[in-house]
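Q: Here's my sequence, what's the structure:
(chains A, B, C and D)
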2 protein chains.
Amino acid sequence: MSRQNKYSIGEFSKKTGVSIRTLHYYDELGLLQPEKNEESGHRIYYEKDIFSLHKIVSLKFLGYSLDKIKDLLDEASISADLNKTLALHLEGLEKEKEHIEHSMSAIKRVMNLLEKEGEVDSAVLFSLIRNTQVETDQKEWMEEHFLTGVAEELSKKSDEDKFTLDETLVQLSKDVKQLYGRPVEDMEVQAAVKRYIEASFAFLGEELIEKLADTEMEEAEIQELEKMAPSPFTEEEQQWLNRAMEYYAQQAEMEHS
Amino acid sequence: MSRQNKYSIGEFSKKTGVSIRTLHYYDELGLLQPEKNEESGHRIYYEKDIFSLHKIVSLKFLGYSLDKIKDLLDEASISADLNKTLALHLEGLEKEKEHIEHSMSAIKRVMNLLEKEGEVDSAVLFSLIRNTQVETDQKEWMEEHFLTGVAEELSKKSDEDKFTLDETLVQLSKDVKQLYGRPVEDMEVQAAVKRYIEASFAFLGEELIEKLADTEMEEAEIQELEKMAPSPFTEEEQQWLNRAMEYYAQQAEMEHS
DNA sequence: TATAAGACCTCACGTAACTGGAGGTTCAAG
DNA sequence: CTTGAACCTCCAGTTACGTGAGGTCTTATA
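A: Model (predicted):
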């Protein structure tokens, strides 16, 4: 009953589901070195090798590199400082997961946009993706600038809210492409600016916007921000838009007083 | 105002946060090929290159390979079949995410065990990790064998419940190591078996266990299952344990009737 | 204007965890 | 004895760069 089963590499591969080539590789690395028929050089695997392979595969699953695995296998007692290593690993996985979730969110936003709008200007698309991408950086930046509240609020926004804002941005970009060149006082231009600003207010809430507007920034910092969140517009368009928005702000100011 | 800013590769790298080597690489791949000073060979980047780089970085963020990105950049209209590609990518990311979550769950279970038990036999540890790892396979297998209900139930179990089951398994393995060799009718042996079986019942629920027991399997299928879920015991121990459990079942049967 | 520092150039190897192929040997069956 | 499958070793390629060698260009200062 306790006869030791022998396996050729092919059989072993089938039994364990690990490819022959990978077994060769593990042999080469010294992770799993089976007995060898001295004459033929053919590898001979036993039951115990199944255990070893399971260890390797398990550790790999936990996210260890083969290099680390080799160290771990060599160690007599595995549970020695395993706990620390595992905690560390868990952190790494957490980050990876967050990254993936961000990517997924970005993709969903893009897909949503494509679905609702059909064709979308690629500059807008990419500025949007980039925005999602640097969300973490932005959050950090805001926290550095004592805008912790803003950062918190923003990360609480649902995907739905973001969808809405995305669509607003698309609308704005269409408006800009169409209206660029007209005087900033033009009624249609002002109407477009109004739509955009109101949507932004709706998204952020008035307080947040004002807080942002009140934050003083140095030139270098503005550059920093730009690096993080590229505008979908050309420099000229952006400047024209800025003027239009300033004009809008002035008008609003006057009405208020 | 519309003077075209020029950047050396170093400046460009600082402005965009992309390393010089990476810029070289993108140039080599044809992803972003800036102008060159013919005499010196030094690269000259302009504002427009910032846009291009943003595109590349964005697509990379979405998970595309540089190769794919090149294709996408070459295409005139990006939104052509982007939607399909994105959907596909989303699926891939979903799978990656699930994998990571599985790994995290496995790590947590192991950490929990180490914390509560101190030292744990590595065979048990690995059989447990392996179990988590092949959870998906097991689920598929069960569904193939018309045990959809069981599969569903199992994946609904909380981490807490799994922790408890883990501890039971550890207990059993300790018992087996200690009691192996004694006759299966031995009182302590039977007590250990009882503890284990009752804990399993508590975890799975009686119906599920019976359903599983009633499922007829062929030899090949049993092998399949073994491949998925390795026992932490040696073959001899496992056989001894099986006999002990059979004996337990007989006794239980007799009491019932 | 000479020189030195620093920025830039190309070339080429190293990484992780394999996969794939070439070219040759061994095994098992007929 | 042959034939085909299974096995062997060695080498190359994959991704997205990092790193370093060895040489050229630019720019600031003496």
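
Q: okay, CA-based contacts and neighbour counts for the rest of this
A: OK.

Q: what residues are up against A:Phe12?
A: A:Tyr45 (C-alpha atoms under 8 Å, 6 or more residues apart in numbering or on different chains).

Q: Name every sheet partner of the biggest strand by length in chain A and say whether each one runs parallel or antiparallel.
A: The longest strand of chain A (DSSP state E) is strand A:43-46. Using DSSP bridges, strand A:43-46 pairs in its sheet with strand A:6-7 (antiparallel), strand A:35-36 (antiparallel).

Q: Tell me the residues of the stretch 1-150 of chain A that contact DNA strand C?
A: Counting by C-alpha under 7 Å from any atom of the strand, the stretch 1-150 of chain A comes close to DNA strand C at A:Ser19, A:Arg21, A:Thr22, A:Tyr25, A:Glu39, A:Ser40, A:Gly41, A:Tyr64, A:Ser65, A:Leu66, A:Asp67.

Q: now, the most widely separated pair of these?
A: A:Glu39 and A:Tyr64 (35.6 Å; C-alpha to C-alpha).

Q: okay, those two: which has more neighbours?
A: Set A:Glu39 next to A:Tyr64 and count neighbours by other C-alpha atoms under 10 Å in any protein chain shown: A:Tyr64 wins out with 18 against 6.

Q: So that one lies in a helix, does it not?
A: No. Per DSSP: H, G, I helix; E, B strand; the rest coil, A:Tyr64 lies outside any helix segment and is coil.

Q: Quick check: phi and psi on it?
A: The phi and psi values for A:Tyr64, taken as degrees, to the nearest 10, are phi -80, psi 150.

Q: What distance do you get for it to A:Arg195?
A: Going from A:Tyr64 to A:Arg195 by C-alpha to C-alpha, to the nearest Å gives 52 Å.

Q: okay, now A:Tyr46: neighbour count?
A: The burial count for A:Tyr46: 15, using other C-alpha under 10 Å.

Q: My guess is it contacts A:Glu11. True?
A: No. Counting by C-alpha atoms under 8 Å, A:Tyr46 sits too far from A:Glu11 to count as a contact (10.8 Å).

Q: Just the buried subset of the residues of the stretch 1-150 of chain A next to DNA strand C, please.
A: A:Tyr64, A:Leu66 (16 or more other C-alpha atoms under 10 Å in any protein chain shown).

Q: Sort out for me which of the residues of the stretch 1-150 of chain A next to DNA strand C are in helices.
A: A:Arg21, A:Thr22, A:Tyr25, A:Leu66, A:Asp67 (DSSP state H).

Q: Up against chain B, what does chain A have?
A: Counting by C-alpha under 8 Å from any C-alpha of the partner chain, the positions of chain A adjacent to chain B are A:2, A:15-16, A:54-55, A:57-58, A:61-63, A:78-79, A:83, A:86-87, A:90, A:93-94, A:96-97, A:100-101, A:103-104, A:106-107, A:111, A:114, A:119-120, A:122, A:126-127, A:129-130, A:133, A:227, A:236.

Q: Show the buried residues in the residues you listed.
A: The buried subset of the residues of chain A next to chain B - by 16+ other C-alpha under 10 Å - is A:54-55, A:57-58, A:61-63, A:78-79, A:83, A:86, A:90, A:93, A:97, A:100, A:103-104, A:106-107, A:111, A:114, A:120, A:126-127, A:129-130, A:133, A:227.

Q: need the residues of chain A near DNA strand D, please.
A: A:Ser8, A:Ile9, A:Gly10, A:Glu11, A:Ile20, A:His24, A:Ser40, A:Gly41, A:His42, A:Arg43.

Q: what separates the fifth one from A:Tyr7, distance-wise?
A: Right, the one you point to is A:Ile20. From A:Ile20 to A:Tyr7 the distance is 12 Å (C-alpha to C-alpha).

Q: for chain A, what helix or strand is lowest in average pLDDT?
A: helix A:219-228 (a mean of 64; mean pLDDT, DSSP states H and E).

Q: For the very next helix or strand once past it, buried residues please.
A: Where DSSP states H and E defines the elements, the next helix or strand beyond helix A:219-228 is helix A:235-256. Across helix A:235-256, burial judged by 16+ other C-alpha under 10 Å covers A:Glu237, A:Trp240, A:Leu241, A:Ala244, A:Met245, A:Tyr247, A:Tyr248.

Q: Which elements pack onto the longest helix along chain A?
A: Across chain A, the helix with the greatest residue count (assigned by DSSP H) is helix A:82-117. In terms of contacts (3 or more C-alpha pairs under 8 Å, 6 or more residues apart in numbering or on different chains; DSSP states H and E), helix A:82-117 is packed against helix A:122-133, helix A:159-179, helix B:82-117.
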